[in-house]
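Undergrad: pasting the structure only:
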């Protein structure tokens, strides 16, 4: 099918919108079963690439046995000793997601990538071309079976805004379809939990409970002034709109290049790491990865930030006068900010580079050594782009494990979204 464009059609009224939320069912596990026929129709747990201590995704067969996402592998194996385990492969998952995005574009030009396994699609102006909303969904599922695989399915929610479409997609899983309308909204809210709505997490739920709101129907009837008193005007307005089933959301097409304000990388070590040199090596490699992305975006940064989680949790950021775009520069700035010897052990590392500016707009160095360093960096980048990131590494990383550069499951990395937008052209 061809990509749909519809510049000749008039704008749709807000109350006539037809928004779909399309959510893959057990996506990571289903992909593994599609890739490997030996795993099909068997309980499967997908684990983190760097360790096998936690189930990050369960197949439908595993879920039926009570093995949930987030379970420890030893707990899961107690439930099902024959449970299959497979390390996550986010590069392959993103390729599946890209195929799906191309399928979606054949049904509507308005497609928003919410995460690696979720999209929103506005079919208000195009569903009539395919026989209506439900016929469009039927054709969409057919395309998935034929072009991606029969073991990968999606659940679809339909409504007049993104908020309710996302809630609807969770109601008839797996491989289901559900529509929330103004007429059945009350019935849906009577059964749904507060945390079923995107934007209401456990903390918000507890604060709502504190003021006597325990379900969505009570939220619908809540006085706005009561919400403002507890949450402030902005959050209160959002919650008030949720209660009424209203939303002013707009779709942000994945084909539009996002504004990049920061570049970061989070990494959870396979175990609590007590060796300070290993911690520093991981920090250095993450700095290299962040700065590779900066250079590919033709950006430089002058603010560094970090989060370290272990026996203590620390986070900080600092802005400098000098711009940087190399791993060594960023590493030196970070190690000036934090002393890892203050930790007994580290398990979680997060680093960010912000305060971005186009490289062409940053001051040039007056020293020849900088020109030589830039030339060397360009050569290293060329080799790494050809043979894979981290092929050429600093000597400090000798004998250390290589980190894998993979897409984030939430597609929170603006660098990945920028690449995706460029590939869609």
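TA: Perfect, I can see it now. Fair warning: this is a prediction, and the values are worked out from it, not measured in the lab. Numbers count the residues shown, from 1 in each chain.
Undergrad: what's the span of stretch 65-83 from first residue to last?
TA: Chord length of stretch 65-83, first to last residue, is 10 Å (Cα to Cα, to the nearest Å).
Undergrad: do the same with stretch 209-223
TA: The first and last residues of stretch 209-223 sit 14 Å apart, counting by Cα to Cα.
Undergrad: residues in contact with that stretch?
TA: 186, 189-190, 192-194, 197, 208, 226-227, 229-230, 239-240, 242-245 (Cβ atoms under 8 Å, 6 or more residues apart in numbering). All C-beta atoms are positioned from the backbone trio N, CA, C, and that covers glycine.
Undergrad: give the buried subset of those residues as a ChimeraX selection command.
TA: Selection command for ChimeraX covering only the buried members of the contacts of stretch 209-223, criterion 16 or more other Cβ atoms under 10 Å:
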select :189,192,194,197,208,227,239,240,242,243,245
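Undergrad: looking at the contacts of stretch 209-223, which are in helices?
TA: 186, 189-190, 208, 226-227, 229-230, 239-240, 242-244 (DSSP state H).
Undergrad: could you dump these to CSV with distance to residue 71 and pLDDT?
TA: Formatted as CSV, these follow (distance: Cβ to Cβ, whole Å; pLDDT from 0 to 100):
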residue, distance to residue 71, pLDDT
186, 35, 96
189, 30, 97
190, 30, 97
208, 28, 97
226, 38, 96
227, 36, 96
229, 39, 95
230, 34, 95
239, 32, 97
240, 36, 97
242, 30, 97
243, 33, 96
244, 37, 96
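Undergrad: what number of residues lie near the residue nearest to residue 170 when sequence neighbours are not counted?
TA: In this structure, residue 170 finds its nearest non-sequential neighbour in residue 196, 6.5 Å apart by Cβ to Cβ, 6 or more residues apart in numbering. When neighbours are counted by other Cβ atoms under 10 Å, residue 196 registers 15.
Undergrad: what's the first helix or strand after the host helix or strand of residue 328?
TA: Under the criterion DSSP states H and E, the helix or strand holding residue 328 is helix 327-337. Later in the chain than helix 327-337, the nearest helix or strand by DSSP H and E is strand 346-354.
Undergrad: show residues contacting that next one.
TA: So strand 346-354 is contacted by 261-269, 271-273, 279, 282-283, 286-287, 290-291, 294, 301, 303-310, 315, 317, 324, 330, 334, 340 (Cβ under 8 Å, 6+ apart).
Undergrad: other SSEs contacting the helix or strand encompassing residue 300?
TA: Assigned by DSSP H and E, residue 300 falls within strand 299-310. Here strand 299-310 touches strand 262-273, strand 313-324, helix 327-337, strand 346-354, strand 357-358, going by 3 or more Cβ pairs under 8 Å, 6 or more residues apart in numbering; DSSP states H and E.
Undergrad: among the ones you listed, which gets the worst mean confidence?
TA: Here the lowest mean pLDDT among these goes to strand 262-273, at a mean of 89.
Undergrad: following that strand, which helix or strand shows up next?
TA: Following strand 262-273 in sequence order, the next helix or strand is helix 276-296 (DSSP H and E).
Undergrad: and that following helix, what's buried?
TA: Of the residues in helix 276-296, those buried (16+ other Cβ under 10 Å) are 279-294.
Undergrad: repeat that for stretch 57-72.
TA: By 16+ other Cβ under 10 Å, the buried positions in stretch 57-72 come out as 57-63, 67, 69, 71.
Undergrad: what sits up against that stretch?
TA: So stretch 57-72 is contacted by 25-30, 32-33, 39, 41-46, 53-56, 76, 79-80, 83, 88, 174 (Cβ under 8 Å, 6+ apart).
Undergrad: change it to 7 Å
TA: 25-26, 28-29, 33, 41-46, 53-56, 76, 79-80, 83, 174 (Cβ atoms under 7 Å, 6 or more residues apart in numbering).
Undergrad: how far does that stretch stretch from one end to the other?
TA: From the first residue to the last, stretch 57-72 extends over 11 Å; the measure is Cα to Cα.
Undergrad: hang on, the earlier thing: what about the residue nearest to residue 170, distance to residue 339?
TA: Relative to residue 339, residue 196 is positioned 44 Å away (Cβ to Cβ, to the nearest Å).
Undergrad: verify the contact between residue 403 and residue 287 for me.
TA: No: counting by Cβ atoms under 7 Å, residue 403 does not reach residue 287; the two are 11.0 Å apart.
Undergrad: buried residues, the lowest-mean-pLDDT helix or strand in the chain. List them.
TA: When each helix and strand of the chain is scored by mean pLDDT, DSSP states H and E, helix 368-387 comes last, with a mean of 75. Within helix 368-387, the residues that count as buried by 16+ other Cβ under 10 Å are 377, 380-381, 384.
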